[in-house]
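>>> predicted model and sequence follow; I will ask about them next.
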Amino acid sequence: MSEFEKKLFEFKEKIKVAKNLSELTKISSEIFGKNGIINLEFKKLGSLSPDERKNFAANINSSKKELSELFSKKSNEVLDKEIIEKVNKEKIDITLPEKDFEIGKVHPVSQVIDEISCIFSEIGFSVEEGPDVENEYNNFTALNTPENHPAKDMHDTFYLDQDMKTLLRTHTSPVQVRTMLKGRPPFKIIAPGRTYRSDSDQTHTPMFHQLEGLHIDKDINMGHLKGCLNYFIKAFFEVEKIKMRFRPSHFPFTEPSAEVDIGYRIENNKIIIGEGDKWLEILGCGMVHPNVLKNCKVDPNKFQGFAFGIGIDRLAMLKYGINDLRSFFECDYRWLNHYGFDPLDVPTNYRGLSR
Ligand code: DAH
């Protein structure tokens, strides 16, 4: 038996009995490292005749292969064993009480989403969701938005590919499309979520939140829309009466379209919602355009309805007296502690929304 063969035998034994990864790492460098037995054996090639070399090299290579296979099999075994031991050792008793925890706060945006969902669920709306990364069809085309519409401009929309086919949704309206395409009318849904536009100042952030509403059924008219929004605004601001006006507007996906303003006044530097002679725009709405219904496989001769889109952040600012939108997304724990809500105080229509 040659010296090399003896070593091979020894190392095979060493691999077999190795108990942990650190032993295996050491063995690995003794075999395969720069000064390992394989390399040292290869160095002998220089002193051999061309004929001898061929056999000699083939022999080292097959030994190397054999050792590598043995080695990786053993490493896997040891690794599995170590993981299992670790998992067994790290059992956590989740029934033990937490020793020193701090109660976190619910962000005002999450609170407002919960409040709004609560209000709409009371009158039969269910909650839908859609993805932040949307396709161009759902975000624009299906919503009857013409090819040259300014909203499609690079300045407003974050496109995710060169072909401008994938984007970050610019509004929650594509959830209307998704909902109608996957079901059959009637539809009565709201869809809160994140939306994105390339815009940033005191009242705009590149990511913001909207809430979409859609009600499609037989014989739904603008009166239903008005009644629904009136109910919502009063419930949301927790007041008996509210001054509200519908102003004609234009959206490609609704006809007719309107924007809704609510009345307010400022008293002692505080904003009083629902009365006064100033107006504040809070949402866009209208009767869903027949083209949108057709694109979503709904027959506009049988079904119609209304849709609306609300800026959630703005409502949160108004209701809770927060005046810089950017502070919402700065993740400042002191801010959250001040403006946040108790996680155990879930809003309900019966116990009160924000108390
Ligand atoms: N998607 C519109 C926007 O982001 C808001 C909107 C307006 C939504 C009218 C609607 C609607 O559903 O009917 O500005």
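Okay, I see it.

>>> got the residues of the protein near the ligand?
Within the chain, the positions adjacent to the ligand are His171, Ser173, Glu212, Phe251, Thr254, Gly284, Cys285, Gly286, Ala307, Phe308, Gly309 by C-beta under 6 Å from any ligand atom. Where C-beta positions appear, they are placed from N, C-alpha and C, glycine not excepted.

>>> and the furthest pair within the residues you listed?
Put simply, by C-beta to C-beta the two of those set farthest apart are His171 and Gly286, 13.6 Å from each other.

>>> quick check: most distant residue from the centroid of this protein.
In the chain, Ser49 marks the outermost C-alpha relative to the chain mean, sitting 67.0 Å out by C-alpha atoms, centre = their mean.

>>> mind listing the strands for the stretch 101-250 of the chain?
The residue ranges that make up the strands of the stretch 101-250 of the chain, judged by DSSP state E, counting those that start in this stretch, are 126-127, 133-135, 166-168, 187-196, 207-217, 244-251.

>>> can you redo the ones you listed as JSON lines with mean pLDDT and distance to Leu318?
Formatted as JSON lines, these follow (pLDDT from 0 to 100; distance: least, C-beta to C-beta, whole Å):
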{"stretch": "strand 126-127", "mean pLDDT": "97", "distance to Leu318": "22"}
{"stretch": "strand 133-135", "mean pLDDT": "97", "distance to Leu318": "28"}
{"stretch": "strand 166-168", "mean pLDDT": "96", "distance to Leu318": "26"}
{"stretch": "strand 187-196", "mean pLDDT": "98", "distance to Leu318": "17"}
{"stretch": "strand 207-217", "mean pLDDT": "97", "distance to Leu318": "14"}
{"stretch": "strand 244-251", "mean pLDDT": "95", "distance to Leu318": "14"}
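
>>> the ones you listed: which one's closest to Ile94?
strand 126-127 (29.7 Å).

>>> now do the closest one: which elements does it pack against?
Other elements packing on strand 126-127 under the criterion 3 or more C-beta pairs under 8 Å, 6 or more residues apart in numbering; DSSP states H and E are strand 187-196.

>>> kindly recompute the last result at 6 Å.
Helices and strands touching strand 126-127, by 3 or more C-beta pairs under 6 Å, 6 or more residues apart in numbering; DSSP states H and E: there are none.

>>> so which of the residues of the chain next to the ligand is the most crowded?
Ser173 (30 neighbours; other C-beta atoms under 10 Å).

>>> for that one, what are its contacts?
Residues in contact with Ser173, defined by C-beta atoms under 6 Å, 6 or more residues apart in numbering, are Leu143, Glu212.

>>> how about it, phi and psi?
phi -60, psi -30 (degrees, to the nearest 10).

>>> in the protein, where's the longest strand?
Ranked by number of residues, the top strand in the chain under DSSP state E is strand 254-267.

>>> in the helix or strand containing Asn76, which residues are buried?
Asn76 belongs to helix 50-89 when elements are defined using DSSP states H and E. Residues of helix 50-89 classed as buried under the neighbour-count rule (16 or more other C-beta atoms under 10 Å) are Phe56, Ile60, Ser63, Lys64, Leu67, Phe71, Lys74, Ser75, Val78.

>>> excluding its backbone neighbours, what's nearest the closest residue to the ligand within the stretch 1-150 of the chain?
Closest to the ligand within the stretch 1-150 of the chain is Leu143: 8.0 Å, counting by C-beta to the nearest ligand atom. Leaving aside its chain neighbours, Leu143 sits nearest to Phe253 (4.2 Å; criterion: C-beta to C-beta, 6 or more residues apart in numbering).

>>> for Leu70, same thing?
With C-beta to C-beta, 6+ apart as the measure, Ile15 is the residue that lies nearest to Leu70, at 5.3 Å, once sequence neighbours are left out.

>>> do Met180 as well
Cys296 (3.5 Å).

>>> can you give me the distance of that neighbour to the ligand?
Distance of Cys296 to the ligand, computed by C-beta to the nearest ligand atom, to the nearest Å: 13 Å.

>>> least confident secondary structure element in the chain?
Lowest mean confidence among the helices and strands of the chain (mean pLDDT, DSSP states H and E): strand 270-273, at a mean of 82.
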